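> Show me how the following folds:
(2 chains)
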Amino acid sequence: MSELRPITALGAVLPRFGSFGALEIRENAAMALASLALRFGTVEPMPFGLILPGPGRWVAGQGVAALWTGPGQWMIEAECCIELDFAAELKQAAPRCSVTEQTDGWVAFEIISRAGAIPLEALLSKLVNIDPADFGPGRATRTGLQHMSCFVVRRGDTHVVVLGARSSAGSLWDALETAAKRLEEKVT
Amino acid sequence: MTRLSGGLIDRSRTLSFTFDGKRYHGHPGDTLASALLANGLRLMGRSFKYHRPRGVLCAGSEEPNALVELRSGARQEPNTRATTVELFDGLEARSQNRWPSLGFDALAVNDLLAPFFTAGFYYKTFMWPKGFWEKLYEPAIRKAAGLGSLSMRPDPDAYERGYLHCDLLVIGAGAAGLAAALTAVRSGARVILTDEDFRPGGRLLSETETLDGARASDWISALKAELESLPNIRVMQRTTVFGVYDHGIYGAVERVSDHLAEPGHRVRQTLWRITAKRAVLAAGATERPIAFADNDRPGIMLAGAMRAYANRWAASPSETIAVFTNNDDGHRTARDLAAKGVHVAAVIDPRPEARACADYRLIAGGIVTGARGRLGLTAIQVQANGKSEWIDCGAMGVSGGWNPNVHLFSHHRGRPVWNDALQAFLPGEGGPSGLLPAGAAAGCFSTAAALRSGAETARSALQEIGIAARLPNLPCADEEGYTIAPTFYVPGKKRAWVDFQNDVTVKDIKLAHAENMRPVEHLKRYTTLGMATDQGKTANVTGLAVMAELDKRSIPETGTTIFRPPFTPVALSVLGGGDTGLHFRPRRLTPTHYWAEGQGAVFVEVGQWIRAQYYPRVGETHWRQSVDREARAVRRGVGLCDVTSLGKIDVQGAHAGEFLNRLYSNMMATLKIGRVRYGLMLREDGFAYDDGTCARLGEDHYVVTTTTANAGLVYRNMEFARQCLWPELDVQLISTTDAWAQIAAAGPKSRALLDRIVDGFDLSNEVFPFMACAALTVCGGLRARLFRISFSGELAYEIAVPARYGHALMERLMELGADLGATPYGTEALGVLRIEKGHAAGAELNGQTTAAMIGLGSMVSQKKDSVGAVMSRRDGLASDKRRLVGLQPLDPAGKVVSGSHLFALDAPRSLDTDQGWITSACYSPHVGSMIGLGFLENGDERLGEVIVAANPLEGESAHLRVVPAHFVDPGGARLRE
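Reported below is the predicted structural model:
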């Protein structure tokens, strides 16, 4: 463990949290990420027991999950091992694949609805051009969000995570927060 | 007051509003136009060119006359149609395009000068003297032209965008639209129903006819309740679908809070992008006027609008009205207003066989030939059976027939087709795929036919996408037919208006015809017909008809009307979707941003990145003081700069080396593990486009760095190469730019500083020489990467740690380096240092320069092929003899200005003698004067020569000496120290 103290993507010691009506948005600063890409002639691995998902999909296992990012490419996420060298662990689990450390490349905002899927889908409709009818739990896509390229993952019926570039975390938070606040303000 | 009984207004509440400063009252449910009429006002505006007094013509978004400035202060909005403004308490509106008042407008003198202002008068009148156009004519015309005025203040309101998806989009909530929505929603399809009005019903709200024997509004209310109870439909009132785009995408604007006095914290409008598998165009129809002498008197309006004001808004423009109609529908206006107690002075119908449908005076076979009443209609002149008479009336409804609203259908160049029976254009072939017209928009003018058409069209649309729908039981409705005789204008000597908003008259069209501007495209541009903000919704067909008659051809032979988005005006603010100020584009912050903020750094935008430009210290009053200090600190001690924004691309795979060999102009496959090499990339056309470093971390693992500006472009090009050019190579790429915080530590004491943070790593020159790289740990176990590379020409390193530790690392380096003079430096000092060292950057790699020009010709390897290598050897590039040189003023106090062009001493200054230009310039604290880099013809052979740098923009020139581009340590000893 280094003697240096990290800060979050939003420049704070603790992850940011916001509650907006039925929605809450939580910065997930404890998620380790590494990319996994198949090399020529390698068999698709099952890192940490995960069956790697197909296009537009995300699968979760015990404390780990995988997101399809391109042909033969995935992002593997893990909870609670941010201080470990997760890329090295993944490389051990998939030694014939190309693995790259991605933990600090991204900021993750978990969006959770306390009142069913409707508020969540209403929020998404102000952010991303995704058809909610085709975006149930387990679906994932890379898409533009306020001119930022993001991964949007439907973790559950009432739970979505948005992964954006760490450097634009502030702009991404602004976009999510602004849209969420506006949902609270009903016009009559 | 001319408020009638009935109507769909809430009389239990009274709203107060002002028009031209005078207070009036209306009710919820009113529009500004209906409230003004109910308050006895017929005069609402002035025309564009002649400043003619004008009243309201329509009752919907097609209105050309009643345009007002709404609200005040920064929210002042010009050219707002009074017919679409929902009345709210405290509304402020002003008439526009008049001075000093609406009743007396001095510029109405234009009306007297009308003979000089005919179509094409600009082109004919302002020809001479030539110089007057810019100095006199254009400014004068611009001042006189236009309608309302802008506040010239920033828009204070918020806007947003959104995305919706559905099986069926129904555009319009009139009879056809409601029937379509009902059919679709009961089938289980996902439906979006949009309507520009603030209550559903469309034309049904303006008629007295019954549905199933009850009021239409009852049926609408019951249907609305049903729709709102269902989860598979989204009903969007106050929402205009303004355009049809590719792949079933529709643009729509929802006026979220325009009906409120102020939006408060809410958005004002939302721009929706709706993706629909199918859409039903149930946009209804727009009535058109008949042109006759002085037909623009306030009080003369469309007959359907007059009926709408009476039935829906309980307002009449006058207690005595007349109707001039060439079709059956106009008679309904007389019938309904008479039933409301308004005196109908006469109904004039050019059709000899016309029949009255109620108890009013019918003048069959008659025409209206004139109108009196400058500020408000007082009488009309009627000619029938060879006799002429003046009939007193305060208002007249005019109906020349109905034009189906084919606008959206035209957006993909769908050509409407002429229908003789309806005397109108109907949707034809070639419209947007998946958009199906229904109801009045498809020429089904009776309520029963519109209902049926809506339901059947929805069923067909759903069938196409595999959803079975059953036709609902539709209410029993009016099947009344619609007959029309083609009367478009009444011949006469006086001016008869066709396009009210742009003041285009029948005479103008005749002039266009006489001057051979006969194709509709020429007619439009010569007369400005249909070019106003209403896109000629009430004018185009009439204009065509007049031209057709003059040309002795049929209307379809003369041309068709084609409309483009937007259907109605859309504010640029909402198209921007709220992306203003700090939200104009995403901001990318470096890992040390907050640390730099704490140091009082001044920031600069570098693309999306916000980088520290310099760090002013107490007592420094000019940026140069800070920058000079920072540059000196690097040369003498150690400087620290966040260079995270430079692109980093992780390259892995069995063929990674070969892949990089093909991308870089120089050899990369021979790079040893643990070493870094400078690399140059060329475009396909042989020009240089990016430079950076390539570090080999393992047998099949490289990290490529790019310039900040080209990080995205290089990554994109590499992906293209990987996927499309050489799919046979086993290569995997991913960006790691954001993942690593990278800090440059530059200066003679940089090694001493880094020695204090590395965990037992030997930084000696022997173990870790210039251009070495390694993975290591720092500060007690933190994973890091170290590169011994230099942009400044000094002993230097770049250290990368996981981005979340960038802030803490910078703090630690500053703390540990205090005794070494550790100094943060920004992009300005970075620029000074690299100019002093003669390193090319964006100003040199500007897309017009070759490797040879920047002195790196030998880097384009002859031993292998790479992108752009062959093209770089073509004559046009290889023969370019301009070379990068250093430039220094003869007088140490002299200026070097980038952008200046270079000439030989005593040579004339022209394009022919131009020998190059200065790309970069700065004050060099190391040299003690300004210095520059530039491309000079045969520059490498002219060292020592004195040349002239001309800066004609500022009228300056300077004598400069040509020197080597390396002002600092030309031998490179410091780097390798």
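
> ranges for the strands of the stretch 151-300 of chain B?
Here the stretch 151-300 of chain B has its strands, by DSSP state E, counting those that start in this stretch, at B:158-171, B:191-194, B:210-211, B:214-215, B:233-236, B:239-245, B:249-255, B:267-281, B:285-287, B:300-302.

> Tabulate these (TSV), appending mean neighbour count and mean pLDDT.
All C-beta atoms are positioned from the backbone trio N, CA, C, and that covers glycine. Output for those, formatted as TSV (neighbours: other Cβ atoms under 10 Å in any protein chain shown; pLDDT from 0 to 100):
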stretch	mean neighbour count	mean pLDDT
strand B:158-171	25	97
strand B:191-194	28	98
strand B:210-211	20	96
strand B:214-215	12	94
strand B:233-236	20	98
strand B:239-245	23	98
strand B:249-255	22	98
strand B:267-281	24	97
strand B:285-287	26	98
strand B:300-302	30	98
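
> Quick one: closest of those to B:Ser626.
Distance to B:Ser626, taken as Cβ to Cβ, is lowest for strand B:158-171 among the strands of the stretch 151-300 of chain B, at 37.6 Å.

> Specify which residues of the chain, grouped into ranges, have pLDDT under the cut-off.
Since no chain was named, I'll use chain A. In the predicted model of chain A, residues A:1, A:186-188 satisfy pLDDT under 70.

> meant chain B actually
Using pLDDT under 70, chain B drops low at B:1.

> Check which residues of the helix ranked longest in chain A are buried.
If you go by DSSP state H, chain A has its longest helix at helix A:169-184. For helix A:169-184, the neighbour count (16 or more other Cβ atoms under 10 Å in any protein chain shown) marks A:169-176, A:178-180, A:182-183 as buried.

> what are the ranges of the helices in the stretch 501-650 of chain B?
In the stretch 501-650 of chain B, the helices defined using DSSP state H, counting those that start in this stretch lie at B:506-514, B:520-527, B:540-551, B:555-558, B:572-576, B:593-598, B:623-636.

> Deepest-packed of these, please.
Neighbour counts (mean count of other Cβ atoms under 10 Å in any protein chain shown) averaged over each of these peak at helix B:540-551, with a mean of 23.

> So what's the gap between that helix and the chain middle?
Relative to its chain's centre, helix B:540-551 lies at 34 Å (Cα atoms, centre = their mean, to the nearest Å).

> Same question for stretch B:660-668.
So, by Cα atoms, centre = their mean, the centroid of stretch B:660-668 is 41 Å from its chain's centroid.

> is chain A contacted by that stretch?
No. Using Cβ under 8 Å from any Cβ of the partner chain, stretch B:660-668 stays clear of chain A, coming no nearer than 14.7 Å.

> Next up, the contacts around the residue most central in space within chain A.
Computing the C-alpha centroid of chain A and ranking residues by Cα atoms, centre = their mean puts A:Leu163 first, at 4.0 Å. For A:Leu163, the contacting residues are A:Met75, A:Trp106, A:Val107, A:Ala108, A:Cys150, A:Phe151, A:Val152, A:Val153, by Cβ atoms under 8 Å, 6 or more residues apart in numbering or on different chains.

> Please report phi then psi for it.
With angles defined as degrees, to the nearest 10, A:Leu163 sits at phi -110, psi 120.

> Then B:Gly60?
Backbone torsions for B:Gly60, taken as degrees, to the nearest 10, come to phi -140, psi -160.

> For it, which non-adjacent residue is closest in space?
What sits nearest to B:Gly60 in space, not counting adjacent residues and going by Cβ to Cβ, 6 or more residues apart in numbering or on different chains, is B:Thr83, at 5.9 Å.

> Could you check how many residues crowd around the residue of the stretch 201-350 of chain B found nearest chain A?
Among the residues of the stretch 201-350 of chain B, B:Arg266 lies nearest to chain A; the distance is 4.9 Å by Cβ to the nearest Cβ. Using other Cβ atoms under 10 Å in any protein chain shown, B:Arg266 is surrounded by 16 other residues.

> so it touches B:Val256, yeah?
Yes. Under the criterion of Cβ atoms under 8 Å, B:Arg266 makes contact with B:Val256 at 6.3 Å.

> about what we covered before: identify the bridge partners of the residue nearest to the centre of chain A.
Beta-bridge partners recorded for A:Leu163 (DSSP bridges): A:Ala108, A:Phe151.

> could you measure it against A:Phe109, distance?
8 Å (Cβ to Cβ, to the nearest Å).

> and the residue of the stretch 201-350 of chain B closest to chain A, what does it touch?
Contacts of B:Arg266 (Cβ under 8 Å, 6+ apart): A:Arg182, A:Glu185, A:Val187, B:Ala158, B:Val256, B:Ser257, B:Leu260.

> Same check on B:Val968?
For B:Val968, the contact set (Cβ under 8 Å, 6+ apart) comprises B:Arg635, B:Gly793, B:Glu836, B:Lys837, B:His926, B:Arg974.

> same thing but 6 Å
The contact partners of B:Val968, by Cβ atoms under 6 Å, 6 or more residues apart in numbering or on different chains, come to B:Gly793, B:Glu836, B:Lys837, B:His926.

> phi, psi of it?
Torsion angles, degrees, to the nearest 10, at B:Val968: phi -120, psi 130.

> For it, give its distance to chain A.
32 Å (Cβ to the nearest Cβ, to the nearest Å).

> Would you confirm that B:Gln888 contacts B:Val962?
No. With contact defined as Cβ atoms under 6 Å, B:Gln888 does not reach B:Val962; the gap is 8.4 Å.

> Looking at the two, which is more packed in?
Taking other Cβ under 10 Å, B:Gln888 and B:Val962 do not tie; B:Val962 has more neighbours (22 against 18).

> who does that one bridge with?
With DSSP bridges as the rule, B:Val962 is bridged to B:Leu887.

> what about residue 185, how many neighbours?
No chain specified, so I'll use chain A. Counted with other Cβ under 10 Å, A:Glu185 comes out at 14.

> wait, chain B
25.

> Same check on the one 5 residues further on?
As a burial measure, B:Arg190 scores 22 neighbours (other Cβ under 10 Å).

> for B:Lys340, same thing?
17.

> same question, B:Gly90
Around B:Gly90 there are 12 residues (other Cβ under 10 Å).

> Can you name the residues that contact it?
So B:Gly90 contacts B:Ala261 (Cβ under 6 Å, 6+ apart).

> And it, how close does it get to B:Asn79?
Noted for B:Gly90: a distance of 21 Å to B:Asn79, by Cβ to Cβ.

> Would you mind listing what in chain B touches chain A?
Contacts of chain B with chain A, taken as Cβ under 6 Å from any Cβ of the partner chain, map to B:162-163, B:165, B:256-257, B:265-266, B:585-589, B:594, B:650, B:652-653, B:730, B:732, B:734, B:738-739, B:779-782, B:802-805, B:807-808.

> Does B:Ile743 have any beta-bridge partners, and if so which?
Counting by DSSP bridges, the residues bridging with B:Ile743 are B:Asp642, B:Ile799.

> Contacts only, for it.
Contacts of B:Ile743 (Cβ under 6 Å, 6+ apart): B:Leu640, B:Asp642, B:Ile799.

> ok, now how distant is it from chain A?
13 Å.

> With B:Cys393 instead?
42 Å.

> my guess is that residue contacts B:Thr320, does it?
Yes. Between B:Cys393 and B:Thr320 a contact is recorded at 4.8 Å, counting by Cβ under 6 Å.

> neighbour count winner among these two?
Legend: neighbour count by other Cβ under 10 Å for B:Cys393 and B:Thr320, higher for B:Cys393 (25 against 16).

> And the more buried one, how close does it get to B:Ala334?
12 Å.

> Many thanks, we can stop here.
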